[in-house]
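[1] Test case, fold it:
(one chain, ligands or ions: 1)
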Amino acid sequence: MNSMPRFLCDEMLGRLCRYLRAAGYDTLLANGGRSDAELLRQCREEGRYFLTQDQLVQEHKAAHGVALLLPQGDLDHLAAALGTHFGLDWLSHSFTRCLEDNTSLLAADAAALARAPADALRPDEPLCHCPACGRIYWRGSHYKRMRAKLETWQLARREASAPPVTAV
Ligand SMILES: [Zn+2]
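    Residues are numbered from 1 along each chain as shown. This is a model prediction of the structure:
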């Protein structure tokens, strides 16, 4: 998994951030109030790509080689652009990270299982939990909705019509 690209999304890209985490990509979300210069420095230090739709990023010298300017459009559009640019695999590592804080999930231990709702406990579907925030993840309706979207994006990877991502 070491060769998987890592990302930092600007604060407007919260939904994309969650879906990148759902696909297993190490992705941070900028919280408000931090300057682009600061965010770009963090990306450089941590080997992340800075994802934004803000054209102004191009004015930063520090953006070169770090920032990627995504096209305007809805979530599907952004996913197609980014997926094509990096050849992202939306499924192979899916649901291995906490959607809220990006931490790698662990198999649920006894303490986590004790907190899980009864309808989450199915013998054929392992539960995971986040060691950072304690959230428990199971394959409920939320999982199925996100999974369906990832599957759609995976299939669409073969189409050559994706909008371009601009390397800054
Ligand atoms: Zn968490």
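[2] any idea how far stretch 54-69 is from the chain center?
    Relative to its chain's centre, stretch 54-69 lies at 20 Å (C-alpha atoms, centre = their mean, to the nearest Å).
[3] Buried ones in that stretch, by neighbour count?
    57, 60, 62-63, 66-69 (16 or more other C-beta atoms under 10 Å). Every residue, glycine included, has its C-beta placed from N, CA and C.
[4] Dump those to a markdown table, plus secondary structure and pLDDT.
    Shown next, in a markdown table, are the buried residues of stretch 54-69 (DSSP: H, G, I helix; E, B strand; the rest coil; pLDDT from 0 to 100):
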| residue | secondary structure | pLDDT |
| --- | --- | --- |
| 57 | helix | 92 |
| 60 | coil | 92 |
| 62 | helix | 92 |
| 63 | helix | 94 |
| 66 | coil | 96 |
| 67 | strand | 97 |
| 68 | strand | 97 |
| 69 | strand | 96 |
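[5] Kindly present those residues as CSV, with separate columns for distance to residue 81.
    What follows is the buried residues of stretch 54-69, written out as CSV (distance: C-beta to C-beta, whole Å):
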residue, distance to residue 81
57, 16
60, 21
62, 23
63, 18
66, 17
67, 14
68, 9
69, 10
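[6] Those: which ones sit near the ion?
    For the ion, no contacts are drawn from the buried residues of stretch 54-69 by C-beta under 5 Å from the ion.
[7] okay, the residue nearest to residue 128 when sequence neighbours are not counted: pLDDT?
    Counting by C-beta to C-beta, 6 or more residues apart in numbering, residue 128 lies nearest to residue 105, which is 3.9 Å off, once chain neighbours are set aside. pLDDT recorded at residue 105 is 97.
[8] burial count for residue 105?
    Number of residues near residue 105 (other C-beta atoms under 10 Å) recorded here: 20.
[9] need the contact list for it.
    95-98, 128-130, 137 (C-beta atoms under 8 Å, 6 or more residues apart in numbering).
[10] Just the element for residue 37, please.
    helix 36-46 (DSSP states H and E).
[11] Tell me the gap between that helix and the middle of its chain.
    Computed by C-alpha atoms, centre = their mean, the chain-centroid distance of helix 36-46 equals 18 Å.
[12] Give me the buried stretch members for it, please.
    36, 39-40, 42-43.
[13] In a markdown table: those residues, plus pLDDT and distance to the ion.
    As requested, those are exported to a markdown table (pLDDT from 0 to 100; distance: C-beta to the ion, whole Å):
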| residue | pLDDT | distance to the ion |
| --- | --- | --- |
| 36 | 91 | 27 |
| 39 | 96 | 22 |
| 40 | 96 | 26 |
| 42 | 97 | 20 |
| 43 | 97 | 22 |
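[14] Alright, calling it a day.
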